[in-house]
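Visitor: using only what follows, build the 3D model:
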Amino acid sequence: MTTTIKQIDAIWLPVSDMNRAIAFYRDTLGLDILEHDGDWSEVTAGDQRIGLNASESPSGDGGAVIAFGVNGEIADAVDELKEKGVEFPGGLTEHPWGKIAPFKDPDGNDLQLYAPPT
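Guide: Purely as a prediction, here's the structure:
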């Protein structure tokens, strides 16, 4: 049996002010900006991309989401994890930027399976 998870594809953070967030990650931390718009921006830390998502409403507590790439089809990975007891309350959804299937770890941390657009 192959392992469902093959890598971390993305980490994203909810932000309340994109321009402030870009200034912090670029000017304060010295990270490179790969993409920047009002709702979504990406910075890099080494080889890892970090997404900044202004379309979410942060609670003030912060919070990251780890998006895992999968081996094979994302729907198959969802089915495999469901068989292992993982719940996907929002199901598998498709967006212009790819498919996601959000779930939580046992401590309530936000995780998701991710497949880029084809």
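Visitor: gap between the spatially most central residue of the chain and Asp27?
Guide: Centroid check for the chain by Cα atoms, centre = their mean gives Ala67 as the closest residue, at 3.9 Å. To Asp27, Ala67 is 26 Å away according to Cβ to Cβ, to the nearest Å. For every residue, glycine as well, the C-beta is placed using N, CA and C.
Visitor: which intervals of this protein have sub-threshold pLDDT?
Guide: Scanning the chain for pLDDT under 70 picks out 1-3, 55-63, 107.
Visitor: that one: strands as residue ranges?
Guide: Remark: strands assigned in the chain by DSSP state E are 5-14, 32-36, 40-45, 48-53, 65-70, 93-95, 98-104, 110-115.
Visitor: and for Ile5, nearest residue in space, chain neighbours not counted?
Guide: Leaving aside its sequence neighbours, Ile5 sits nearest to Phe68 (Cβ to Cβ, 6 or more residues apart in numbering; 4.8 Å).
Visitor: would you check that that neighbour makes contact with Ala115?
Guide: No. Here Phe68 lies out of contact with Ala115, judged by Cβ atoms under 8 Å, at a distance of 10.1 Å.
Visitor: the longest helix seen in the chain: how far from the chain's middle?
Guide: In the chain, ranked by residue count with DSSP state H as the criterion, the top helix is helix 74-83. With Cα atoms, centre = their mean, to the nearest Å as the basis, helix 74-83 stands 18 Å off its chain's centre.
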